[in-house]
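Engineer: this one's sequence-less:
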């Protein structure tokens, strides 16, 4: 009545091994999902595809961001995500810059200042945007919100993202 059956022992050992393996797999899963680069790209494309000046914001749940004229990449606790942009090109606006720099003027326009108040003429805006698009696009600390603004100044149409 109290004898140990050999197959029951193997069944319990097998169950123990499967339980440990399952716990190991569960422990390696990230605690949160990767950041939503697709949602950010959708917001950028919606503003950039429009005919008229527009502004939009998108909340970010990421630690770092990398914007290029053709893609958006996010990195956070849950991993990283990269999404290409379908629009022709955007102008990534880095934070900061001196009061006389193109980055500072672009940042002012992104923050809501009319382009004619930040730049002398449409060509100055076009030149600043061209420089921003060709600059090194490195990983930066991600803000809580990403701002996208499409502006028109004369015949110059630019989509600023920062």
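Structural biologist: Nice, I can see it. All figures in this text were calculated on a predicted structure; none of them were measured in a lab.
Engineer: okay, CA-based contacts and neighbour counts for the rest of this
Structural biologist: Fine.
Engineer: what helices or strands is the longest strand along the chain leaning on?
Structural biologist: Ordering each strand of the chain by length in residues (DSSP state E) puts strand 145-153 first. Counting contacts by 3 or more Cα pairs under 8 Å, 6 or more residues apart in numbering; DSSP states H and E, strand 145-153 packs against helix 37-48, strand 54-59, helix 102-110, helix 115-118, strand 156-161.
Engineer: Please state the mean pLDDT value computed over the third one.
Structural biologist: Yep, that's helix 102-110 we're talking about. In this model, helix 102-110 has a mean pLDDT of 89.
Engineer: tell me the angle it makes with strand 54-59.
Structural biologist: Per axes from the mean of the first three to the mean of the last three Cα atoms, to 10 degrees, the angle that helix 102-110 makes with strand 54-59 is 100 degrees.
Engineer: Check the spatially closest residue to residue 129 that is not a sequence neighbour and give its pLDDT.
Structural biologist: With sequence-adjacent residues excluded and distances taken as Cα to Cα, 6 or more residues apart in numbering, residue 129 is closest to residue 91, at 6.0 Å. The score at residue 91 is 94. That number is its pLDDT.
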